[in-house]
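**Q** only geometry, no sequence info:
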């Protein structure tokens, strides 16, 4: 009977041997992401930067240059005009106004007055300075809290070595996601924070599955050296890892292609996160256990959770 | 493993059926549902503003204005009590958050302090001590000044009541628009969150919210013209306000003293002036207002009075005769729409303090509809792709997993309908994502069963061990994602929160369907066929 198997039944890939390549690549990528973040910065959306975003639909194909010219004449500061998906769909971004001079609400009125009734206003977002700084705070806090809670949960369920390994992998995933957004200068807004949190959850999910197998094998093969034991665990869970990543990616791909312009950034971040998260569980989280050292005698684990020894 | 108690089977089937029954209303229109009898579930999923279109506004009540008004009132009270007690004073004014006054003669200081103490009233009992707190702290400073400072409790209480009153007035104003089911909530100390679905003209709503709608009637100061006053000096007790007419600002000199204010209004409705047919607003005063209006008009026939709204003169007609009966007309270059709006505003009452719009998110109905359509297509295609992939990967067991997946989606939809949780576009993404991830539990189980088969276990053993050993992993793995969803729910708002809801609900239902529902199917299948060899 035919079965599609992307991963053969028995694999014996020596992941642990490849670990230095993994460390090297990841260190490089994380360093590059941090550098990009500081050099290039992120293309913050109005959620975090404040300002006004208006999506309009014109009757025919929009003349972006003409609209830009008319809006620039309004003296609203930095005005960006671009098409958004369809040729008659236009996105207008206006920077935050100096409160002493004009409110962001005046921007909407001015633009409505200038463009008149010939266009349809599909979306108007105005975020004031107070709210945007609060959103930055809440977003950062959310990511931090989630990472800390994961750390505590894994510590509680496994051992501290596991939680350190898992969290380093998480930080790696978050850094690379921010890196790609900086590199491609994709808009970074609230929904991207939601995506990052989901990536944190997903990547953790992946790591936990491998760790669970590591723990089981630690109990089963008391004499096997740790490197081989890790290899064995990764290989045993490999078909599941790939299978789940593929189904999740399939669902996300459908969203990316058909879900509309509004959530495209979100689905892009998620797809990237699934790829990076899968990679990091195999090449970062698991080999790190070798460096951190894992307690080998698990027969007393139940009675003494703190009895970790290197 | 193979033994499922009949009651367990019944329970699992019932839960799955409930998923179907409670999802069903979403496939019918509201009209179709109305005709059904009461015991059939009728709740539909609530669409978020990003899907049905509408406005989300976060407003801030500028409570500093309330405090300023309070200070001015205290100044007036100080003036009147000292005058009544015949105590001489100087230097009455507001400085650095308190009212200060100097009692002229040293022998009056004690008595003065006493009468000034009398201004203070109880705010509310302190929650901790139970002792009532005063709203004013009256103190004699070293330099001989007496200061009256509003206490923290008083400031809080007045800010609180300003926000509460603002919410009431906002509700009346929005109801005046005839929109359905607006949400108006207090947020934090001085913020108000408004969600109005399906609004045609968000700009008009915002205009109405930005207006304080403070209506006052004043006499026009006829001692000199406004031009003269501007050229020389404005007489004490009067001020210059402007009337906008035909794109011109006409200055008018009016007396500061308020004849009648909007507080004395009981009714306001749009109408037309009989002779000119121009749109106007008819107002009706309460008994106090009506009497005062009649008296003032009787005493000032031939003079002009001004109707002032938020510091702007609407019109300043000449009083031709006394107007008894307690009703009046407001005229002032209205269109039918602006007269209508003003009537709604006046009827709702004046806001205690101006509102600032901190955040606005408006989605037009067309974008909402497009998003729903796109979300549907994406969900169907994603679902189909996953189902197909599962079947070619796991064969018959894949079919079991897919049935569980369908039950899962129905359960999510049912829970959202019953809880009346809001479905947003990111929420749809959450469901699609759950579809992808829900399969994970089954993948874990099936891969485990495959392993056990390879290790030479019997079919029944493999299945048993597969389900057993995968369980802890499934729980661990899902709890981590659930933590992420919970944090998103706590810290997110609007659309993001919708995502957290579907993700969180999806995690719970997927563990149930993937672990329990498929196990039942596998057990029933196994009992029926008793395969010697397991092909997975």
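**A** Great, that's in hand. Values in this document were obtained by computation on a predicted structure and should not be read as measured data.

**Q** any weak-confidence spans in chain B?
**A** Applying pLDDT under 70 to chain B flags residues B:1-2, B:37-38, B:124-131, B:179-180, B:494.

**Q** residues in contact with the residue nearest to residue B:172 when sequence neighbours are not counted?
**A** Among residues not flanking residue B:172 along the chain, residue B:348 sits closest, at 3.7 Å (C-beta to C-beta, 6 or more residues apart in numbering or on different chains). C-beta coordinates here come from the backbone N, C-alpha and C atoms, glycine included. Residue B:348 makes contact with B:169, B:172-173, B:176, B:213 under the criterion C-beta atoms under 8 Å, 6 or more residues apart in numbering or on different chains.

**Q** over to residue B:348: give its phi and psi.
**A** With angles defined as degrees, to the nearest 10, residue B:348 sits at phi -70, psi -30.

**Q** same question for residue B:81.
**A** Torsion angles, degrees, to the nearest 10, at residue B:81: phi -70, psi -40.

**Q** kindly report the same for residue B:87.
**A** phi -110, psi 130.

**Q** same check, this time on the one 5 residues further on
**A** Summarising the backbone geometry of residue B:92 under the convention degrees, to the nearest 10, its torsions are phi -80, psi 120.

**Q** the stretch 1-150 of chain B: strands as residue ranges?
**A** In the stretch 1-150 of chain B, the strands defined using DSSP state E, counting those that start in this stretch lie at B:46-47, B:54-61, B:89-95, B:98-103, B:122-125, B:132-134, B:136-140, B:145-150.

**Q** got the residues of the stretch 201-310 of chain A near chain B?
**A** A:201-202, A:204-206, A:208-209, A:212-213, A:216, A:236-237, A:239-240, A:243-244, A:246-255, A:257-260, A:262-263, A:266-267, A:270 (C-beta under 8 Å from any C-beta of the partner chain).

**Q** ok, back up a step: using TSV, lay out the contacts of residue B:348 together with neighbour count.
**A** Listed next are those as TSV, based on neighbours: other C-beta atoms under 10 Å in any protein chain shown:
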residue	neighbour count
B:169	20
B:172	14
B:173	22
B:176	16
B:213	21
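
**Q** tell me which of the residues you listed fall in helices.
**A** B:169, B:172-173 (DSSP state H).

**Q** from these, which is closest to chain A?
**A** residue B:173 (17.2 Å; C-beta to the nearest C-beta).

**Q** ok, the closest one - contacts?
**A** B:208-209, B:344-345, B:348.

**Q** repeat the analysis, applying 10 Å as the threshold.
**A** Contacts for residue B:173 (C-beta atoms under 10 Å, 6 or more residues apart in numbering or on different chains) come out as B:182, B:205, B:208-209, B:211, B:213, B:341, B:344-345, B:347-349, B:351.

**Q** most neighbours out of those, which is it?
**A** residue B:345 (28 neighbours; other C-beta atoms under 10 Å in any protein chain shown).

**Q** and the residue lying closest to that residue once chain neighbours are set aside, its phi and psi?
**A** Of all residues not flanking residue B:345 in the chain, residue B:213 sits nearest, at 4.0 Å (C-beta to C-beta, 6+ apart). Per-residue torsions, residue B:213: phi 60, psi 40 (degrees, to the nearest 10).

**Q** let's have the contacts of residue B:173 in CSV, adding distance to residue B:287 and secondary structure.
**A** Compiled in CSV, the contacts of residue B:173 are given as follows (distance: C-beta to C-beta, whole Å; DSSP: H, G, I helix; E, B strand; the rest coil):
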residue, distance to residue B:287, secondary structure
B:182, 33, coil
B:205, 34, helix
B:208, 29, helix
B:209, 31, helix
B:211, 27, coil
B:213, 22, coil
B:341, 27, helix
B:344, 24, helix
B:345, 23, helix
B:347, 18, helix
B:348, 21, helix
B:349, 18, coil
B:351, 25, coil
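
**Q** and of those, the nearest to chain A?
**A** Among these, and counting by C-beta to the nearest C-beta, the member closest to chain A is residue B:209, at 10.5 Å.

**Q** got the contact list for the residue nearest to that closest one when sequence neighbours are not counted?
**A** Spatial nearest neighbour of residue B:209, excluding adjacent residues (C-beta to C-beta, 6+ apart): residue B:355 at 5.6 Å. Counting by C-beta under 10 Å, 6+ apart, residue B:355 touches B:57, B:59-62, B:166, B:169-170, B:191-192, B:194, B:206, B:209-212.

**Q** show me which pair in these is furthest apart.
**A** B:191 and B:211 (18.9 Å; C-beta to C-beta).

**Q** now the residue nearest to residue B:489 when sequence neighbours are not counted: which helix or strand?
**A** Nearest residue to residue B:489, sequence neighbours excluded (C-beta to C-beta, 6+ apart): residue B:500, at 3.8 Å. In the assignment (DSSP states H and E), residue B:500 maps to helix B:494-511.

**Q** if you count neighbours, what's buried in that helix?
**A** B:494-507, B:509-511 (16 or more other C-beta atoms under 10 Å in any protein chain shown).

**Q** residues in contact with residue B:518?
**A** B:397, B:399-405, B:407, B:441-442, B:445-446, B:467.

**Q** which of those fall in helices?
**A** B:397, B:399-405, B:407, B:441-442, B:445-446, B:467.

**Q** and those residues, which is closest to chain A?
**A** Using C-beta to the nearest C-beta, the ones in helices among the contacts of residue B:518 come closest to chain A at residue B:446, 8.6 Å.

**Q** count of neighbours near that closest one?
**A** Neighbour number of residue B:446 under other C-beta under 10 Å is 28.

**Q** any idea how chain A splits into domains?
**A** Structural domains annotated on chain A: A:19-44+A:132-292, A:51-127, as defined by automatic domain parsing.

**Q** out of those, which is the most enclosed?
**A** Stretch with highest mean neighbour count among those: domain A:19-44+A:132-292 (a mean of 21; mean count of other C-beta atoms under 10 Å in any protein chain shown).

**Q** re earlier: could you export the domains of chain A as JSON lines, including mean pLDDT?
**A** Output for the domains of chain A, formatted as JSON lines (pLDDT from 0 to 100):
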{"stretch": "domain A:19-44+A:132-292", "mean pLDDT": "91"}
{"stretch": "domain A:51-127", "mean pLDDT": "87"}
